[in-house]
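Asker: next come a sequence and a model predicted from it.
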Amino acid sequence: MTVSTPLLKTWLITGASSGIGLNATKQLLQDGHKVIALVRSPQKLQAFTDQYPTTLNILKLDLTQTEKIAPSVERAFQHAGRIDVLLNAAGYALVGAAEELNENAISTQITTNLLAPIYLTKAALPYFREQKTGHILHISSEGGQITYPSASIYHASKWGAEGFFEALAKEVQNLGIKVTLIEPGRIKTEFDNNAVITEPQLDDYRKTTVGTYFRLLAMGRFPMIGDPAKVAQMIIKVSTVTNPPLRLILGSDSYKNIIRETENRLQAAKEQQKTAKSTDIKFIDEN
């Protein structure tokens with residue numbers, strides 16, 4: 001990656017009070033950047049407010065209250081005058097067999113992980129377009145490229161975001177606006193503790209891959225090997241790149257899993273070449 005000359009920037013960050021968002025916020029403030037934090041619980045950042053009274057501004061926002069997203073983004077831009085980077089870092093995992101999840105839990109997951117980032121980005125775009133510059137960073141996951149049983153709705157939110165931001169990147173590429181999807185593996189944060197979990201209640205699911213997944217999880221077979229500080233450092237670094245990648249894979253586990261699944265998917269697709277061609281209007285059987 002070609003890195004441009006570092007400049008002090010203003011960042012708008014969701015999920016700034018925990019996990020990746022918190023680590024990015026800490027590092028940015030330490031380096032002299034300005035941060036506008038959109039958080040549900042402002043008190044969690046009170047210590048930073050006292051330490052960085054002129055470079056940290058906190059706005060309260062519950063992402064499930066989607067009608068408040070656009071006004072909050074407008075307030076942020078009005079306060080800052082200019083925002084250079086939008087980091088969508090808020091999110092959590094809903095875990096359990098799809099059949100056993102209640103509809104409210106499903107709706108909240110999709111709203112928080114997918115709809116809210118879309119609305120935030122949509123609200124920021126007019127300002128970025130007027131500035132003729134801006135970088136949208138979205139915390140996706142290896143779960144935006146691969147899947148695990150028991151995480152169907154989480155994956156739906158992440159795969160949906162991958163599609164949205166990839167298409168968006170094509171829409172804004174000539175407007176001076178950059179888009180990067182961040183795809184980390186398992187990072188040592190409070191992610192697991194913040195997950196909403198429904199363990200299998202039906203015997204059928206206890207005996208399937210759902211039950212197996214929960215047992216492996218309990219055995220520690222999915223270790224958190226990612227360093228949140230290093231992940232935040234790479235996210236900040238990619239914001240200084242002249243031509244940033246559309247996707248930034250972070251973590252050896254994420255890299256291994258994404259490569260494996262991508263190769264399997266490509267091979268499966270290639271095996272269907274004849275079947276795919278057979279539905280063309282002018283199909284010619286080359287055999």
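Answerer: Right, received. Where do you want to start?

Asker: for the chain, which segments count as strands?
Answerer: Listed in chain order, the strands of the chain (DSSP state E) span residues 10-14, 34-39, 56-60, 85-88, 94-95, 134-139, 177-184, 196-197, 247-250.

Asker: could I get those in TSV, plus columns for mean neighbour count and distance to residue 231?
Answerer: From N, CA and C alone the C-beta is placed, and that goes for glycine too. Putting the strands of the chain into TSV (neighbours: other CB atoms under 10 Å; distance: least, CB to CB, whole Å) gives the following:
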stretch	mean neighbour count	distance to residue 231
strand 10-14	24	14
strand 34-39	26	17
strand 56-60	18	21
strand 85-88	28	12
strand 94-95	24	21
strand 134-139	24	9
strand 177-184	24	6
strand 196-197	14	23
strand 247-250	21	5
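
Asker: want to throw those strands into CSV with distance to residue 156 and mean pLDDT?
Answerer: Putting the strands of the chain into CSV (distance: least, CB to CB, whole Å; pLDDT from 0 to 100) gives the following:
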stretch, distance to residue 156, mean pLDDT
strand 10-14, 20, 98
strand 34-39, 23, 97
strand 56-60, 28, 96
strand 85-88, 17, 98
strand 94-95, 10, 94
strand 134-139, 16, 98
strand 177-184, 16, 98
strand 196-197, 15, 89
strand 247-250, 19, 98
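
Asker: quick one: contacts for the closest residue in space to residue 226 that isn't next to it in sequence?
Answerer: By the measure of CB to CB, 6 or more residues apart in numbering, the closest residue to residue 226 outside its immediate chain neighbours is residue 187, 3.5 Å from it. Taking CB atoms under 8 Å, 6 or more residues apart in numbering, we find residue 187 in contact with 19, 20, 224, 226, 227, 228, 231, 251.

Asker: nearest residue to the third one in space, please, no chain neighbours.
Answerer: Meaning residue 224. Distances taken as CB to CB, 6+ apart place residue 188 nearest to residue 224, at 4.2 Å, with adjacent residues excluded.

Asker: can you pull the contacts of the one you found?
Answerer: Counted by CB under 8 Å, 6+ apart, residue 188 has contacts 224, 225, 226, 227, 228.

Asker: show me the shaky parts of the stretch 1-150 of the chain.
Answerer: For the stretch 1-150 of the chain, residues meeting the criterion pLDDT under 70 lie at 1-6.

Asker: would you map the helices across it?
Answerer: 19-30, 46-51, 69-80, 103-110, 116-131 (DSSP state H, counting those that start in this stretch).

Asker: give me the number of residues near residue 74?
Answerer: For residue 74, the neighbour count with other CB atoms under 10 Å is 14.

Asker: for it, give its distance to residue 54.
Answerer: Separation of residue 74 from residue 54 (CB to CB, to the nearest Å) stands at 22 Å.

Asker: about what we covered before: most tightly packed of the helices of the stretch 1-150 of the chain?
Answerer: The highest mean neighbour count among these, using mean count of other CB atoms under 10 Å, belongs to helix 19-30: a mean of 22.

Asker: which strands and helices sit next to that helix?
Answerer: The contact analysis (3 or more CB pairs under 8 Å, 6 or more residues apart in numbering; DSSP states H and E) places helix 19-30 against strand 10-14, strand 34-39, helix 46-51, helix 228-238.

Asker: contacts for it next, please.
Answerer: 11, 13-16, 34-35, 37, 45, 48, 51-52, 55-56, 87, 89-90, 139, 182, 184, 187, 189-191, 228-229, 231-233, 235-236.

Asker: distance from the chain centre to that helix, please.
Answerer: Using CA atoms, centre = their mean, to the nearest Å, the distance from the centre of helix 19-30 to the centre of the chain it belongs to is 16 Å.

Asker: next: stretch 97-108.
Answerer: Distance of stretch 97-108 from the chain centroid (CA atoms, centre = their mean) equals 20 Å.

Asker: export that stretch as CSV, just CAs?
Answerer: Taking C-alpha atoms only, stretch 97-108 is exported to CSV below (Å, rounded to 0.1, in the frame of the first residue of the first chain):
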residue,chain,number,x,y,z
ALA,A,97,-30.1,-21.8,15.3
ALA,A,98,-32.2,-19.7,12.9
GLU,A,99,-35.4,-21.5,13.7
GLU,A,100,-35.0,-20.9,17.5
LEU,A,101,-34.3,-17.1,17.2
ASN,A,102,-37.2,-14.7,18.0
GLU,A,103,-38.1,-12.2,15.4
ASN,A,104,-37.3,-9.2,17.6
ALA,A,105,-33.7,-10.4,18.1
ILE,A,106,-33.4,-11.0,14.3
SER,A,107,-34.7,-7.5,13.6
THR,A,108,-32.4,-5.8,16.1
